[in-house]
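J.: the sequence isn't on hand, but the structure is:
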């Protein structure tokens, strides 16, 4: 892979598994030094395994434990990364989770936990990244932009999802958070975009695709007729983080095989 991100420092939150792990490897393959964030001690080994794959392939990085829903921990992570590497160039705001429930049974704890990680976590990390980008400004040999933030959203920022109101609300919030800060900081050459994955083969949704029958049912929602893989998201992240997309800010790139085309209407419009 061309080293389009050579010399740049990237923080990837929620990077010990799934999409975060895949994106970390893709950014590293493109030349970035990657901070593989994970939330708790129990995820440390998985994060180290991701880093081991990165270094075995010739990349570089570190692991870092930080719960992105905790302000003090986020501030310390950014301060420590800047102290070690001098700056941060790319934030991949990926950490996210689900606590599904019928709406009438959803507890306040389930609501707050999902909003706290998925939405508040993105706010806290984006705020620290923007503070660093403003401090440093543009360094042309690194990038044409002062900094790049990529928010991991979902097709459910636009597609309602019964039984998952907290998750869908968090993703709709990410959309407006991303657009608002993209608008505010574009004059400073800070680019903020989102990736909206559709169905991607990761541990969080394995029941939806891990048998032929389940995958066949899932494909009814995907016009392109295949379930996505983390490499699809990684390629999009590299592009959005690189100068190839320098004139793009404030948009969600849906990587979904056409799921947002509402395929149920294809023969009944």
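T.: Now that the structure is in, tell me what you want to look at. As the structure is a computational prediction, the values presented were derived from the model and not from experiment.
J.: now the helix or strand harbouring residue 51: mean pLDDT?
T.: Using DSSP states H and E, the element containing residue 51 is helix 44-56. Throughout helix 44-56, pLDDT has a mean value of 98.
J.: could I get the buried residue list for it?
T.: 46-47, 50-51, 54 (16 or more other C-beta atoms under 10 Å). For the C-beta atoms, the positions are set from N, CA and C on the backbone; glycine is no exception.
J.: so which of those is the closest to residue 238?
T.: The closest of these to residue 238 turns out to be residue 54 (C-beta to C-beta; 13.9 Å).
J.: excluding chain neighbours, what is closest to the closest one?
T.: In this structure, residue 54 finds its nearest non-sequential neighbour in residue 28, 4.4 Å apart by C-beta to C-beta, 6 or more residues apart in numbering.
J.: where does this structure have low pLDDT?
T.: Where the chain drops to pLDDT under 70, the residues are 1, 268-269.
J.: need the helices for it, in chain order.
T.: Under the criterion DSSP state H, the chain contains helices at 18-29, 44-56, 71-85, 108-115, 121-136, 165-185, 212-218, 230-241.
J.: quick check: the gap between residue 37 and residue 223.
T.: 34 Å (C-beta to C-beta, to the nearest Å).
J.: my guess is residue 195 meets residue 248, correct?
T.: No - assessed by C-beta atoms under 8 Å, residue 195 is found out of contact with residue 248, at 12.0 Å.
J.: out of the helices of the chain, which one sits most buried?
T.: Highest mean neighbour count of the helices of the chain: helix 18-29, a mean of 26 (counted as mean count of other C-beta atoms under 10 Å).
J.: what sits up against that helix?
T.: The contact list for helix 18-29 (C-beta atoms under 8 Å, 6 or more residues apart in numbering) reads 1, 5, 10, 12-15, 34, 36-37, 46, 50, 53-54, 57, 59-61, 90, 92, 94-95, 152, 197, 200, 202-204, 229-231, 233-235, 237-238, 241.
J.: circling back: CSV for the buried residues of helix 44-56, including distance to residue 82?
T.: Formatted as CSV, those follow (distance: C-beta to C-beta, whole Å):
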residue, distance to residue 82
46, 25
47, 20
50, 22
51, 19
54, 21
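J.: let me know the closest of those to residue 70.
T.: Proximity of those to residue 70 (C-beta to C-beta) peaks at residue 47, which lies at 17.3 Å.
J.: give me the more crowded residue out of residue 37 and residue 223.
T.: Neighbour comparison, residue 37 and residue 223: the larger count goes to residue 37, with 29 against 15 (by other C-beta atoms under 10 Å).
J.: can you tell me how far that one is from residue 25?
T.: Residue 37 is 14 Å from residue 25, by C-beta to C-beta.
J.: equivalent analysis for residue 172, please.
T.: In this view, residue 172 and residue 25 are 29 Å apart by C-beta to C-beta.
J.: quick one: the residue nearest to residue 54 from residue 218, how far?
T.: According to C-beta to C-beta, residue 28 and residue 218 sit 30 Å apart.
J.: what do you get for residue 230?
T.: Residue 230 is 16 Å from residue 218, where distance means C-beta to C-beta.
J.: how many neighbours does residue 120 have?
T.: For residue 120, the count of nearby residues is 19 (other C-beta under 10 Å).
J.: and the closest residue to it other than its chain neighbours, what does it touch?
T.: Nearest non-adjacent residue to residue 120, counting by C-beta to C-beta, 6+ apart: residue 69, 5.6 Å away. Contacts for residue 69 (C-beta under 8 Å, 6+ apart) come out as 116-117, 120-121, 124.
J.: now do the phi/psi pair for residue 69.
T.: Main-chain dihedrals, residue 69, degrees, to the nearest 10: phi -80, psi 0.
J.: surely residue 89 meets residue 149?
T.: No - the criterion here is C-beta under 8 Å, and residue 89 misses it with residue 149 at 10.4 Å.
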